[in-house]
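*Asks:* everything below, folded, please.
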Amino acid sequence: MASTMKIVFGLLTFVTFGMIIGALFQLAFIRKLEDSYGVPIWNNDKEAELLRLGYVKPEVLSWSPRIILLHNFLSTEECDYLRAIARPRLHTSTVVDAKTGKGIKSNVRTSSGMFLSPEEKKYPMIQAIEKRISVFSQVPIENGELIQVLRYEKDQYYKPHHDYFADTYNLKRGGQRIATMLMYLSDNVEGGETYFPMAGSGECSCGGKTVKGLSVKPIKGDAVLFWSMGLDGQSDPNSMHGGCEVISGEKWSATKWMRQRASG
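*Replies:* Now for the predicted structure:
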């Protein structure tokens with residue numbers, strides 16, 4: 001009887017020890033997976049590195065209008081680079097006049113901004129951003145307008161509006177705007193959300209106020225991709241959006257508008 005108990009005890013000890021070792025190996029494996037999450041192994045794949053595959057995380061916010069939030073779309077270096085290029089050349093932002101199609105100053109938009117030049121579009125870091133925008137939006141690079149960089153300071157905003165054109169002047173080169181990539185270049189901003197009043201059925205925060213619709217908080221490196229045209233090829237009124245009032249800090253963003261065809 002005593003010998004039988006010793007055998008049973010020995011087996012239990014062996015099984016228990018084996019379970020402990022197995023659990024430790026499993027925990028180690030899980031920890032390894034956690035540590036590697038979001039850290040891509042590109043194996044010298046330059047295309048994957050350029051597109052930030054493994055870093056960019058798409059999140060569908062709305063199907064009507066179509067809005068996708070792309071987390072980690074830009075690197076910190078790319079955000080700082082765009083701000084550095086833009087800062088010396090900022091001027092008061094304008095809006096498109098529906099009658100003439102030209103930019104005019106308006107209290108609808110109180111930010112300051114600038115456009116990158118065709119020469120700057122050839123810079124390697126800008127080319128990488130342009131290629132990434134094209135791949136994630138599935139719109140050819142040549143269909144895109146020049147990137148615009150904007151700065152919103154305290155109390156500045158952009159009232160809700162549509163990105164598609166209401167005039168014929170701007171339709172002559174490249175046709176209608178079909179999609180917009182809005183990239184955030186700064187952190188530590190209170191307010192300054194991108195607001196879609198006709199998206200969603202709930203409530204959201206906009207410049208410290210609770211309003212109906214959907215809003216996106218500006219987080220450095222994130223980007224919002226949304227379409228001004230529906231799947232039927234018609235301009236989508238629900239794509240109305242605005243920049244909420246900045247409560248504190250500076251909101252920097254870069255915008256890329258994409259057209260139906262190449263404008264060159």
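*Asks:* could you chop this protein up by domain?
*Replies:* For the chain, the structural domains run 1-37, 46-259, going by automatic domain parsing.
*Asks:* in a markdown table: those, plus mean neighbour count.
*Replies:* In this view, the C-beta of every residue, glycine as well, is placed from N, C-alpha and C. As requested, those are exported to a markdown table (neighbours: other C-beta atoms under 10 Å):
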| stretch | mean neighbour count |
| --- | --- |
| domain 1-37 | 9 |
| domain 46-259 | 17 |
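*Asks:* now the ones you listed in a markdown table, with mean pLDDT?
*Replies:* Below are the domains of the chain laid out as a markdown table (pLDDT from 0 to 100):
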| stretch | mean pLDDT |
| --- | --- |
| domain 1-37 | 54 |
| domain 46-259 | 92 |
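*Asks:* wait, what's in contact with residue 251?
*Replies:* By C-beta atoms under 8 Å, 6 or more residues apart in numbering, the contact list for residue 251 reads 151, 152, 184, 186, 189, 191, 192, 218, 243.
*Asks:* ditto for residue 157
*Replies:* By C-beta under 8 Å, 6+ apart, the residues touching residue 157 are 109, 110, 111, 207, 242, 243, 244, 245, 246.
*Asks:* nearest spatial neighbour of it, skipping sequence neighbours?
*Replies:* Distances taken as C-beta to C-beta, 6 or more residues apart in numbering place residue 245 nearest to residue 157, at 4.3 Å, with adjacent residues excluded.
*Asks:* pretty sure the one you found contacts residue 208?
*Replies:* Yes - counting by C-beta atoms under 8 Å, residue 245 touches residue 208, with 7.4 Å between them.
*Asks:* mind listing the shared neighbours of the two?
*Replies:* Common neighbours of residue 245 and residue 208 (C-beta under 8 Å, 6+ apart) are residue 191.
*Asks:* element containing residue 224, please.
*Replies:* Using DSSP states H and E, the element containing residue 224 is strand 223-227.
*Asks:* mind listing the strands that strand pairs with, and their directions?
*Replies:* Under the criterion DSSP bridges, strand 223-227 sits next to strand 66-71 (antiparallel), strand 177-184 (antiparallel) in its sheet.
*Asks:* will you turn the contacts of residue 157 into TSV that also has distance to residue 255?
*Replies:* Listed next are these as TSV, based on distance: C-beta to C-beta, whole Å:
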residue	distance to residue 255
109	12
110	16
111	11
207	19
242	13
243	10
244	16
245	18
246	16
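*Asks:* now, among the residues you listed, which is nearest to residue 170?
*Replies:* residue 109 (16.4 Å; C-beta to C-beta).
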